[in-house]
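Student: here is a sequence with its predicted model. Questions after.
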Amino acid sequence: MRKAYVDVLVSMRSDGTILPRVVKWEDGTRYEVDGILDVRRAASIEAGGCGIRYIVQIRGRPRYLFLEENRWFVEAKR
């Protein structure tokens, strides 16, 4: 696995909570986030690195989305 850096459109609540809404893949494809299942500080076992891990639901399936410092990445196949 590798880190695939992606663009993410977010909403930010008044308390500072960041909520990802749309993930834009490397090829420009946009994926709507259907829901956020979990948020916690965690490491990416597959691709390396750590940060805030969001488990988001996209098209009915859970996916890991990481916010590492000020960049977003997903775990992608090489």
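Tutor: Structure's in. What do you need?

Student: could you use CA atoms for every contact and neighbour count after this?
Tutor: OK.

Student: what about the strands in this protein?
Tutor: Assigned by DSSP state E, the strands in the chain fall at 2-12, 18-24, 30-32, 35-43, 50-58, 61-68, 71-76.

Student: extract the CA atoms of the fifth one and return them as PDB.
Tutor: Okay, so that is strand 50-58. The C-alpha trace of strand 50-58 is given here as PDB (Å, rounded to 0.1, in the frame of the first residue of the first chain):
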ATOM      1  CA  CYS A  50      -0.100   8.700  11.500                       C
ATOM      2  CA  GLY A  51      -2.500  11.500  12.300                       C
ATOM      3  CA  ILE A  52      -6.200  11.700  12.800                       C
ATOM      4  CA  ARG A  53      -7.900   8.700  11.200                       C
ATOM      5  CA  TYR A  54     -11.500   9.100  10.000                       C
ATOM      6  CA  ILE A  55     -13.400   6.000   9.200                       C
ATOM      7  CA  VAL A  56     -15.800   7.400   6.600                       C
ATOM      8  CA  GLN A  57     -18.600   5.600   4.700                       C
ATOM      9  CA  ILE A  58     -18.400   6.100   0.900                       C
END
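
Student: show me what it pairs with in its sheet, parallel or antiparallel.
Tutor: If you go by DSSP bridges, strand 50-58 pairs up with strand 35-43 (antiparallel), strand 61-68 (antiparallel).

Student: residues in contact with that strand?
Tutor: Residues outside strand 50-58 that contact it (Cα atoms under 8 Å, 6 or more residues apart in numbering): 31-44, 62-69.

Student: the residue nearest the centre of the chain and S14, how far apart?
Tutor: Using Cα atoms, centre = their mean, the residue of the chain that lies closest to the mean C-alpha position is L65, 2.1 Å off. L65 sits 22 Å away from S14, going by Cα to Cα, to the nearest Å.

Student: ok, R53 next?
Tutor: Counting by Cα to Cα, the separation of R53 from S14 is 21 Å.

Student: now do R78
Tutor: Computed as Cα to Cα, the R78 to S14 distance reads 38 Å.

Student: cool, and V56?
Tutor: Distance, V56 to S14, by Cα to Cα: 21 Å.

Student: compare the two (neighbour count), which wins?
Tutor: Between V56 and S14, counted using other Cα atoms under 10 Å, V56 has the larger neighbour count: 23 against 7.
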